[in-house]
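Engineer: Please work out how this folds:
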Amino acid sequence: MPEDHNIPWSNPDDSTIARLLRDAKTVAVYGCSPKEHRTSHQIAAFLIKAGYRVYPVHPKADSILGQKAYPDLASIPEHVDIVNVFRRAEFTPPVAKEAVAMGAGCLWLQQGIINAESWKIATDAGVECVMDRCIAVMHRLLLR
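Structural biologist: Numbers count the residues shown, from 1 in each chain. Have a look, this model is predicted:
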């Protein structure tokens with residue numbers, strides 16, 4: 001459910017989401033867990049296998065899935081096309097601000113995560129925002 005029912009939001013249409021996924025080269029997985037059984041870890045592994053350059057973002061990990069982990073988005077050394085977020089909805093507005101500040105092309109809140117304030121932060125800055133969608137599922141559906 002949206003955190004703020006007074007802010008109307010909507011996801012981009014499927015053709016826009018397909019373009020975002022097709023054009024992206026780099027994905028930061030914010031909240032990526034070093035634990036193999038966690039969904040964030042499994043999605044990061046999927047994204048690597050799908051050919052994306054993945055930047056795990058975790059405050060304490062040195063590396064995840066053989067990739068150097070970063071404590072925050074600002075520490076990532078190159079442009080990030082998609083910031084894929086695994087955080088509870090109430091913690092996503094600061095991530096949205098970080099994504100905007102770094103010039104990310106898309107803020108993507110994973111399935112089950114909706115925060116209208118985060119959507120507004122991103123879209124007001126011209127950053128595409130996808131919420132409540134699994135990036136791996138959408139990749140499988142739209143980029144067959």
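
Engineer: going forward, measure contacts between C-alpha atoms and count neighbours the same way
Structural biologist: OK.

Engineer: where does this protein have low pLDDT?
Structural biologist: 1-6 (pLDDT under 70).

Engineer: Would you map the strands across it?
Structural biologist: 26-30, 53-57, 63-64, 67-68, 82-85, 106-109, 128-130 (DSSP state E).

Engineer: The second one packs against which elements?
Structural biologist: By that I understand strand 53-57. strand 26-30, helix 39-49, strand 67-68 (3 or more C-alpha pairs under 8 Å, 6 or more residues apart in numbering; DSSP states H and E).

Engineer: From the centre of the chain outward, give me the first residue you hit.
Structural biologist: residue 84 (1.2 Å; C-alpha atoms, centre = their mean).

Engineer: Okay, and the beta partners of it?
Structural biologist: Here residue 84 sits in beta bridges with residue 29, residue 108, going by DSSP bridges.

Engineer: Could you pull up the residues touching it?
Structural biologist: 27-30, 107-110, 135 (C-alpha atoms under 8 Å, 6 or more residues apart in numbering).

Engineer: Can you list the residue ranges for helices in the protein?
Structural biologist: 14-23, 39-49, 92-102, 116-124, 135-142 (DSSP state H).

Engineer: what's the burial count for the nearest residue to residue 48 once chain neighbours are set aside?
Structural biologist: Residue nearest to residue 48 in three dimensions, not counting chain neighbours: residue 54, with 6.2 Å by C-alpha to C-alpha, 6 or more residues apart in numbering. Applying other C-alpha atoms under 10 Å, we find 25 residues neighbouring residue 54.

Engineer: now residue 102
Structural biologist: Quick note: residue 102 (other C-alpha under 10 Å) scores 16 neighbours.

Engineer: Could you dump the helices of the chain into TSV and include distance to residue 8?
Structural biologist: Converted to TSV, those look like this (distance: least, C-alpha to C-alpha, whole Å):
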stretch	distance to residue 8
helix 14-23	19
helix 39-49	28
helix 92-102	16
helix 116-124	7
helix 135-142	22
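
Engineer: most packed of these?
Structural biologist: Greatest average neighbour count among these goes to helix 116-124 (a mean of 21), per mean count of other C-alpha atoms under 10 Å.

Engineer: Thanks a lot, see you next time.
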